[in-house]
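> Everything below, folded, please.
(2 chains)
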There are 2 protein chains.
Amino acid sequence: MADKANKKSISAYGAARSTVTDTPLSAEDVRKMDAYFRASMYLCLGMLYLRENPLLKEPLKVEHLKKRLLGHWGSDAGQSFTWIHMNRLIKKYDLDVMFVSGPGHGAPGILSQSYLEGVYSEVYPDKAEDERGMQRFFKQFSFPGGIGSHATPETPGSMHEGGELGYSISHAFGSVFDHPNLITLTMVGDGEAETGPLATSWHSNKFLNPCTDGAVLPVLHLNGYKINNPTIFARISHEELTSLFSGYGWTPYFVEGSDLPSMHQAMAATLEHCVVEIKKIQKQARDSQKPFRPRWPMIVLRTPKGWTAPRKVDGKLLEGFWRAHQIPITDVLTNPSHLKILESWMKSYKPEELFKEGKLIPELKALAPKGNFRMSANPVSNGGTLRRPLDLPDFRDYSLKDIEPGVSVRGSMVNMANFLRDIVGRNLTRFRVFGPDETESNKLSEIYKAGKKVWLGEYFDEDQDGGNLTMWGRVMEMLSEHTCEGWLEGYTLSGRHGLLNSYEPFIHVIDSMVNQHCKWIEKCAEVEWRGKVASLNILLTATVWRQDHNGFTHQDPGFLDVVANKSPEVVRIYLPPDGNTLLSVTDHCLRSVNYVNVIVADKQDHIQFLNMEDAISHCTKGLGIWDWASNDQGQEPDVVMAACGDVPTHEALAATALLRKHLPSLKVRFVNVVDLFKLISGGNHPHGMPDRKWKAIFTADKPIIFNFHSYPWLVHRLTYKRPGQENLHVRGYKEKGNIDTPFELAVRNQTDRYSLAMDAIDRVKSLGNTGAGIRERFLNLQLAAKNEAYDNGIDPDYIRNWTWDYPRSA
Amino acid sequence: MADKANKKSISAYGAARSTVTDTPLSAEDVRKMDAYFRASMYLCLGMLYLRENPLLKEPLKVEHLKKRLLGHWGSDAGQSFTWIHMNRLIKKYDLDVMFVSGPGHGAPGILSQSYLEGVYSEVYPDKAEDERGMQRFFKQFSFPGGIGSHATPETPGSMHEGGELGYSISHAFGSVFDHPNLITLTMVGDGEAETGPLATSWHSNKFLNPCTDGAVLPVLHLNGYKINNPTIFARISHEELTSLFSGYGWTPYFVEGSDLPSMHQAMAATLEHCVVEIKKIQKQARDSQKPFRPRWPMIVLRTPKGWTAPRKVDGKLLEGFWRAHQIPITDVLTNPSHLKILESWMKSYKPEELFKEGKLIPELKALAPKGNFRMSANPVSNGGTLRRPLDLPDFRDYSLKDIEPGVSVRGSMVNMANFLRDIVGRNLTRFRVFGPDETESNKLSEIYKAGKKVWLGEYFDEDQDGGNLTMWGRVMEMLSEHTCEGWLEGYTLSGRHGLLNSYEPFIHVIDSMVNQHCKWIEKCAEVEWRGKVASLNILLTATVWRQDHNGFTHQDPGFLDVVANKSPEVVRIYLPPDGNTLLSVTDHCLRSVNYVNVIVADKQDHIQFLNMEDAISHCTKGLGIWDWASNDQGQEPDVVMAACGDVPTHEALAATALLRKHLPSLKVRFVNVVDLFKLISGGNHPHGMPDRKWKAIFTADKPIIFNFHSYPWLVHRLTYKRPGQENLHVRGYKEKGNIDTPFELAVRNQTDRYSLAMDAIDRVKSLGNTGAGIRERFLNLQLAAKNEAYDNGIDPDYIRNWTWDYPRSA
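This next block holds a predicted model:
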């Protein structure tokens, strides 16, 4: 059947050509599998076209069609074909397999399988396995109020939507880490394969431990075309393809062709070979308890785009061309002869032989696995149901102790690393830390004591010298924010917990991924049968105010703006001002579910403000007046100094100190904000506080000088409805930077103590000439500090300059 | 000298092992080149450490050092080494070569070359080639007010900063398209090589025409380590590396080792072989005028990280380990014995033999090319000086004619394609259109008539059937927004013009790249000798309001928020409401320089509003009252209906029509905004208008119902200071979507005509009971339309529903 692999051919047509040339199927097997395949193809077309007459019992008429035709046919056949062949092996070897659908808009392929396996009807009883159920199943597809054309959260068996392309492989790896028995069968579209995130994610195989992790079995689907272009991978030589994937560290097996009987044999043989290979590798590693990096198998499947469609319609190419990408025949509503072509095409699958009153006939039903062995029912794809809370030590045990507010200088991050270390240690199979080569730079290396960095590449002797590498690690570091984020998403969506740490400026690299994850989580919350997954926790450090020395490219705190646009049901943003608040916030985030939590905290040593009990109470409120820094007790203040973020808090407090020292009669209230969404009005975010509370804290009519970590406009965007918003004066990063000292960087953006104090003076009109004199003095102090820094190349007395000579309240 | 390549070794140590084993250098050549190399290494260390005593004429003391030590040593040697070897070939073959420095923070390597070649002193006369100049050159590096540790805009010869990693190869390709004589020598860091954008950009070789384009010569620098981790590429086998890059379509040549004499021979031989190979390929293609896809040569250079540093300090590894990444010996300010080590290390380069009073001795000077042949002086790296304006046809000739405002329905984008077609046709060597497989889907395929899609992959017969592929094309399509954006950046920075078209939701994929490009442009404007480059033009289409059918993953208009955070000197955002305004805006953007222009316009057929002369006048103002849609002539209105964006304008106009029909006595003013930054206050953006003008348009105290294309909060962020901002009621996309009809999507986000009309009624208090009755009617109309859509799976009378039965003003 299967010919010898033709090393030169790049045609998707003809009898199967494959690397593995066994013919494991009997003629009867082939007949049945082909029937199952036809059933799924029929269902795909039904989804694309039909709103009535699902079994074509009546002649097909325009009124049976949807009025607006939507959906994609292009990759459905290849995906269904692969799924069906894996079913055979799941049954034969009792495999635990999940399916990830990478190609864009390939949902019909997946949905058809779920319906054939009965899972769809179990989950959505109104889409029963009968004629009426099938009609509803068809109609809802890409229909207003229905379901989408990707593997959306409504899709049983899916934990990867594939709406935005590029993340199938990294998601798949995330799903198999610490799931030793799982095989994630991952279809990769050849369009998707051109994206950057996908291109580097093939290297994930250097981070997979064959003893403790499962396996990813990628099937690169050379479907040939994208929307309007051929794909790169379908137009390079067989040798180049082989080389490329060998170079990526995989063993590629080819299955190419269009002739169905021989393709069934080839795919059956190849997929089985790969599964056996995976099992062999795992056995070797597990028996010896000596992990290694094998050349894991993968499959390159080349089939015509829109496989099994008519090759041409009216002399124009359809099957095997980009016209088969979306709705294959577009004018059936208006062109009766094309309607006829559609009808005979659908009938060519012989639905009457496959379904009895809408239900797959028993002979074919028997081909699918049972219960949770059905890929569309794999519990891992609904990871929330598998999630168990983390075993968390009491974060209070890691407190920074004996804090003298505004005086003690400690490392918040380096301290938090102790907490994370013990979380890793207590949750060795369900918590991982992810980051692009910055965990140590971010002062989190204490974590390595509980779990080093996973590394399956070559080892050198020199790795003994502080390398912290191991095949058995818990920290995942690759210089690809995309891959780290993809792994973490896959890991949490499959029921586990994790944290990504990253430099703040480069988190924009994954704006789009985080956007998409937010959307996934939000929709999941609307799907009844989905369990809640652990929140996606993103710790941003190496923050803008300490990127003075790395310069302008490293200064961008704007990720918060991207996140703030996402659904309020999903996003949470915290800016703990010091070490104990950081602990409290982190503990909260790690306990939470179905959120995307962003924590912003710098990694350097910083002034501390709160002992643990105060920190907890402050974080619980989310924002509050710091009485100990204020002198307006029992009265209305003249001015409110507010801050959100660690460095901004230092400077705003220092400004408060300056004001109180030089203008002792001025009543200053100091407010700190940890939970950014407290600022927004109640109706617009669950954390938003009522205006009544806003007024009690910020007043309704006094000037507010607000020092913000990020771009100042975000605060205005959150507070535009607040009473007295016109008195709110926000400072933040205004895209002014270069190679500076931290002090100079602050001055350029007017977030330094002197600028803030001057802002206050400018806005308290009653100060008059006294204020003007003091203002002048502040300006001179600022200039002197600036010049000294410039001469020295460093802030005068670098750390102390950030400390704070403060007149304490009684 | 050079040993035969050891296929197994992955050590960076020992005598050179290389694919090409010639020894083209005389002993004298080696001596001189090594001296030149030592000079550059000396300068690198000087930049990292010294503020005084640049030539070490006095014994090194703490006071000669910078007080804060910053900068990176890790990749300096490999980059300098490569540069120096290319110098030899530039002279030998009269080559036109530009250098792209990919590795992070590798600037000292580049800066040292620029200083040695004399370019630095020509450009910055205070950094002259003398002792005082060298001292200033050293001190300014990573020093407040000085220059950064990447190849920032201040760096002569650089058009690629490398602050954020991943774009060196795509930038390099952008620079050589349509520059047939240019070779861009591109160092790729092995850290950078792990990023997604870099991983896919290797495929750029499928888009390079050897007849009309130059060549990229990549040098993958296996430096071994990132900040704290080994790199993947340094820890996979020689076979895997060879396979990987062969699979990517390159011919990899290896140069590996640490022994300098043999490494000089190996690099000289290999680089020369590659240059000759490139010339041969180009000759073959150009003589025959038959382009083909050759296996272009590339080099894999494996040297120890921090090469030429001490191997160990105090028993801890330095050279060849990640500790050599940044400042190699960190405690010289406080540890006298380490200061001694530094001194003898610096002296080991023998500065006294290399420099005479700070100037490189003539014998070594002679090794560098002259004039613009010096890579640090290559004019392409300062592309603004090469830029000539586009030859633009008169956009008025492409007007949509006989527009009946609010009635005519036309395709704005498909019409604009005619204009773009002729721009392509008139500028065949300096204008390209870029996009990730969406140019046709975005209705721009008319462009192909002037220049088809570049494709150097395999061709099939079926490509004749509308494939629009050619080796000589002008449209660049690869399913990687990163690569398309990188190409475009490289193309414009090297003096040409272009436009990227993309689906709106997935432009977030390149948030970070656009951020970085904005930063580059902003800093360039501060560098006197930099010419102004063509603006980066981004056309966003397939916009949120018509992503109803693709669902939630395809709905994200938030890119504007990212752009709005960048410097007002650089960013411009336009939302033309119809076809003629789109033409006018596009013409303006293509004439502009040093901006990032974002144009948002949908690709579907839409209602048109303005004839060309009105469109020009409207775009010139940036926003304005549409008198023909308003009935407040000569009076204060009761309510202002405003809109920004095409679909939002339709709906806001339809709401205006509803109000005027049902409440004829209500005075309604209609305002349309094209230029988003008009909304911001004057001081905050060059386009911002004064409050006086704001009041004249929006009033100071009347309710404003503002229908916005993107997330509504962006408008609040821009207008928070405006008089009467509390009367501003903004609707926009609020992250509410699923599989819907366009109408239903609008209703969910309250941007449909009925919601807007109800918003107006709710805010014009004087309407009383009359208003309440009409409101009820609108609610019922809305519900009816919604239900009809749900039943049919399509908006009732799909296009007409978006038209507008409008009572025209006199």
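> From here on, just use CA atoms for contacts and neighbour counts.
OK.
> A:G768 - how many residues pack around it?
Counted by other CA atoms under 10 Å in any protein chain shown, the residues lying close to A:G768 total 11.
> How many neighbouring residues does A:E58 have?
For A:E58, the count of nearby residues is 10 (other CA under 10 Å).
> What residues does the stretch 201-350 of chain A have near chain B?
For the stretch 201-350 of chain A, the residues in contact with chain B (CA under 8 Å from any CA of the partner chain) are A:201, A:206, A:226-229, A:232, A:235-236, A:239-249, A:316-317, A:321.
> Inside strands: which ones of these?
Among those, the members found in strands (DSSP state E) are A:K316, A:L317.
> Straight-line length of stretch A:204-221, end to end?
Counting by CA to CA, to the nearest Å, you get 19 Å between the two ends of stretch A:204-221.
> Stretch A:735-742 now?
One end of stretch A:735-742 to the other measures 14 Å (CA to CA).
> can you give me the helices for the stretch 601-750 of chain A?
Ranges of helices in the stretch 601-750 of chain A, per DSSP state H, counting those that start in this stretch, are A:612-621, A:646-662, A:691-698, A:713-719, A:742-748.
> Turn the ones you listed into a markdown table, columns for mean neighbour count.
A markdown table is the format used below for the helices of the stretch 601-750 of chain A (neighbours: other CA atoms under 10 Å in any protein chain shown):
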| stretch | mean neighbour count |
| --- | --- |
| helix A:612-621 | 18 |
| helix A:646-662 | 25 |
| helix A:691-698 | 16 |
| helix A:713-719 | 23 |
| helix A:742-748 | 23 |
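> do you know how far A:A366 is from A:D29?
With the distance defined as CA to CA, A:A366 ends up 12 Å from A:D29.
> Could you check which of these two has the larger neighbour count?
More crowded of A:A366 and A:D29, by other CA under 10 Å: A:D29, with 15 against 12.
> State the phi and psi torsions of the more buried one.
Note on A:D29: backbone dihedrals following degrees, to the nearest 10 are phi -60, psi -50.
> And it, what's its pLDDT?
pLDDT for A:D29: 98.
> I'd like to know how far A:Y120 sits from B:T385.
With CA to CA as the criterion, A:Y120 and B:T385 are 63 Å apart.
> Ok, A:T385 next?
To B:T385, A:T385 is 61 Å away according to CA to CA.
> repeat for A:L469
A:L469 is 49 Å from B:T385, by CA to CA.
> and A:P125, how many neighbours?
A:P125 has 11 neighbours, counted by other CA under 10 Å.
> likewise A:L444?
For A:L444, the tally of surrounding residues (other CA under 10 Å) stands at 20.
> what sits against the residue lying closest to it once chain neighbours are set aside?
Distances taken as CA to CA, 6 or more residues apart in numbering or on different chains put A:A417 closest to A:L444, at 4.9 Å, once the chain neighbours are dropped. Residues in contact with A:A417 (CA atoms under 8 Å, 6 or more residues apart in numbering or on different chains) are A:K443, A:L444, A:S445, A:E446, A:I447.
> Going by distance to chain B, which of those residues wins?
Nearest to chain B among the contacts of A:A417: A:S445, at 10.3 Å, using CA to the nearest CA.
> got the contact list for stretch A:378-385?
A:96-98, A:156-159, A:175, A:372, A:386, A:492-496, A:530-534.
> do that again at 6 Å, thanks
Stretch A:378-385 is touched from outside by A:G157, A:S158, A:M159, A:N372, A:L493, A:S494, A:G495, A:R530, A:G531, A:K532, A:V533, with contacts defined as CA atoms under 6 Å, 6 or more residues apart in numbering or on different chains.
> and the direction of the helix or strand containing the residue nearest to A:L444 versus that of helix A:646-662, what angle?
Using DSSP states H and E, A:A417 sits within helix A:412-426. Interaxial angle, helix A:412-426 versus helix A:646-662 (axes from the mean of the first three to the mean of the last three CA atoms, to 10 degrees): 140 degrees.
> Can you name the next helix or strand after helix A:412-426?
Sequence order places strand A:431-435 as the next helix or strand after helix A:412-426, per DSSP H and E.
> Next secondary structure after that following strand?
Later in the chain than strand A:431-435, the nearest helix or strand by DSSP H and E is strand A:453-454.
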